[in-house]
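[1] Turn this into a structure:
(chains A and B)
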There are 2 protein chains.
Amino acid sequence: MTFEFDRATAVTETDRTEDGARFLAELDAGWGVGPALNGGYLMATAARALRHTVPELPDPIAFSAYFLSAGAAGKAEVSTRVIRRGGTSANLAVDLVQDGATRITALASYGDLSSLPTGVQTTAQPPRLPSVDECLSTKLASAEMRKVATIMDRMDLRLDPAYAGWAVGAPSGEGVIQGWIRLPDGREPDALSLLWMLDALPPVTFDLGLPGWAPTLELSAHIRAVPAPGWLAIRHATRNVAGGMFEEDCELWDSAGRLVAQSRQLARLPR
Amino acid sequence: MTFEFDRATAVTETDRTEDGARFLAELDAGWGVGPALNGGYLMATAARALRHTVPELPDPIAFSAYFLSAGAAGKAEVSTRVIRRGGTSANLAVDLVQDGATRITALASYGDLSSLPTGVQTTAQPPRLPSVDECLSTKLASAEMRKVATIMDRMDLRLDPAYAGWAVGAPSGEGVIQGWIRLPDGREPDALSLLWMLDALPPVTFDLGLPGWAPTLELSAHIRAVPAPGWLAIRHATRNVAGGMFEEDCELWDSAGRLVAQSRQLARLPR
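    Model (predicted):
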């Protein structure tokens, strides 16, 4: 495959039964966040295996992942299971396992986004963002930071300066990070890359002055429409830090102004 | 058990292995919505089976359910599976099946809410509601409506009149329903009843002028704290009606003013 995202999330089918299939993946160290691989990267790899399982229903409409252990670069086995297959949707389950340890287990509903009705009554407002050029490119990050979070080189991310002060020790305290995002090599967005992007930003706790890794317990995503090509506006925010955990809601708006993906995750506060 | 909610969601263990357990439930026709049983009722019954599976970790912290077919009054088999059990949390799977047809399949993370840190930094604002007495009791609903939605008699629900106009053919059009809720027989809230309440209100599409059943594809819930006794403020809303579907976010605030539960579901627009 031509593009980095597709190569990194590629899976090779090794077995297929009536009820599902098995795949091998080679997880790439270039999608790392600290000691682990990015959770969205694991989700996108698992989601690609589900796409291969029901190719006539290629898109994750809903995807709910539970994170059991941290993924590492190297081989992974992905096993899929068809729970129910209808004409326009399928319910599926998937596990991504390394060395016998389950990394993520997920349930999903797949369909064909291009066949959905096109009517829209969105009352949500897109994030108010400065222009792409007025935002801060993460290419400005230090070499040290980019070595710790190799994933930063997998995206062209421009952060709204109003919520990027955490990078220089001055978080806004509002619990928001937002900006513009696209894949860096011209690969246009689709349902799989949206799923990844929903978990691609730094944890929103950075903006609360809480640096460090915030392990996700659970992330549920809805992909709502075929995204238009080009930049996506991305915003994630938390409204309820409690019980040692926080929720993080993420939205992706495409270049046509549509809210194409929404997610909520529950994560542990950094130690 | 003394209380209606606990009797209706009771499960009887029939088998147990190292990896999980099996239970029988008798689903009650009194929790119906049109031709189906309420999805939250199925979730709460499945969640009770998971509580029995790992009794030392009694509370659903995260619960993600996919709805495959409509539940009906009568016997159901609930099978649970322990995916990973740690000291303070467990990852679990559960299926609720009737006559060989899976009704819901869910993943969950269980823990002990009472052991979580008590620090709170909630920036979310509770819904602005008239007092309980100024809200409209659903006891005022017609006998016809209560026969179609038997679940209405399972709760003491007081709706904010500002978003209850749909009951008399004058929906606000904002896509919001909110009010006060409690169980009618003095049963105080816990994690299981919160899970149910998150799916207990009429579909928010009523307030968009779209009456009718809105089948849920997926619902993910987070239970964030042990709820205080008494009334809960409840609000659900949609912001993105698109592709023949809508998302519905629900919040429950306890009498101590804490945001104790949050959920998001993806449902199909009524036909």
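
[2] And A:Glu251, which helix or strand is it part of?
    For A:Glu251, the host element (DSSP states H and E) is strand A:245-253.

[3] quick one: that strand to strand B:245-253, angle?
    With axes from the mean of the first three to the mean of the last three CA atoms, to 10 degrees defining the directions, strand A:245-253 sits at 150 degrees from strand B:245-253.

[4] export strand A:245-253 as CSV, just CAs?
    Coordinates of each C-alpha in strand A:245-253 appear next as CSV, following Å, rounded to 0.1, in the frame of the first residue of the first chain:
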residue,chain,number,x,y,z
MET,A,245,-10.4,9.2,36.2
PHE,A,246,-11.5,11.5,33.5
GLU,A,247,-13.7,11.3,30.5
GLU,A,248,-12.4,12.7,27.2
ASP,A,249,-14.8,13.6,24.4
CYS,A,250,-13.4,14.0,20.9
GLU,A,251,-15.0,15.4,17.8
LEU,A,252,-13.7,15.5,14.2
TRP,A,253,-15.2,17.9,11.7
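
[5] Briefly note if that strand comes near chain B.
    Yes. Using CB under 8 Å from any CB of the partner chain, strand A:245-253 reaches chain B at A:245, A:247. The C-beta positions use only the backbone N, C-alpha and C, and glycine is treated the same way.

[6] How far off centre is that strand?
    11 Å (CA atoms, centre = their mean, to the nearest Å).

[7] so what does whichever helix or strand comes after that strand touch, helix or strand wise?
    Helices and strands here follow DSSP H and E; after strand A:245-253, the next one along the chain is strand A:259-268. Strand A:259-268 sits against helix A:191-197, strand A:216-223, strand A:245-253, strand B:216-223, strand B:259-268, with contacts defined as 3 or more CB pairs under 8 Å, 6 or more residues apart in numbering or on different chains; DSSP states H and E.

[8] Who does the strand holding A:Glu251 pair with, and is each partner parallel or antiparallel?
    Partners of strand A:245-253 in the sheet, by DSSP bridges, are strand A:232-237 (antiparallel), strand A:241-242 (antiparallel), strand A:259-268 (antiparallel).

[9] average pLDDT for stretch A:129-142?
    The average of the pLDDT scores along stretch A:129-142 is 94.

[10] For it, buried residues please.
    Residues A:129, A:135-136, A:138, A:141 are the ones in stretch A:129-142 that count as buried (16 or more other CB atoms under 10 Å in any protein chain shown).

[11] Tell me the residues of the stretch 101-250 of chain A that contact chain B?
    Within reach of chain B by CB under 8 Å from any CB, the stretch 101-250 of chain A has these residues: A:102, A:105-109, A:113, A:116-124, A:174-175, A:208, A:217-218, A:220, A:222, A:224-225, A:238-245, A:247.

[12] Show the buried residues in the residues you listed.
    The neighbour count (16+ other CB under 10 Å) marks A:102, A:105-109, A:113, A:116, A:122, A:175, A:208, A:217-218, A:220, A:222, A:224-225, A:238-243, A:245, A:247 as buried among those.

[13] Okay, helices next: where are they in the stretch 51-200 of chain A?
    Ranges of helices in the stretch 51-200 of chain A, per DSSP state H, counting those that start in this stretch, are A:143-148, A:191-197.

[14] Now tell me what touches the shortest one from outside.
    Right, the one you point to is helix A:143-148. Under the contact criterion CB atoms under 8 Å, 6 or more residues apart in numbering or on different chains, helix A:143-148 has outside partners A:33-34, A:152-153.

[15] Please apply the same query to stretch A:158-168.
    Identification of contacts with stretch A:158-168 by CB under 8 Å, 6+ apart yields A:127, A:129-130, A:132, A:134-138, A:141, A:171-172, A:174, A:176-181, A:202, A:206-207, A:209, A:211.

[16] for it, how far is the first residue from the last?
    By CA to CA, to the nearest Å, the extent of stretch A:158-168 from end to end equals 16 Å.

[17] for it, which positions count as buried?
    Neighbour-count burial for stretch A:158-168, counted by 16+ other CB under 10 Å, picks out A:158-160, A:163-164, A:166-167.

[18] mean confidence for it?
    The average pLDDT within stretch A:158-168 is 95.

[19] Show me how far it is from its chain's centre.
    Averaging C-alpha positions (CA atoms, centre = their mean) puts stretch A:158-168 20 Å from its chain's average.

[20] Pipe the strands paired with strand A:245-253 into CSV and attach mean pLDDT per row.
    Converted to CSV, those look like this (pLDDT from 0 to 100):
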stretch, mean pLDDT
strand A:232-237, 98
strand A:241-242, 94
strand A:259-268, 98
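
[21] give me the low-pLDDT residue ranges for chain A?
    Applying pLDDT under 70 to chain A flags residues A:1.
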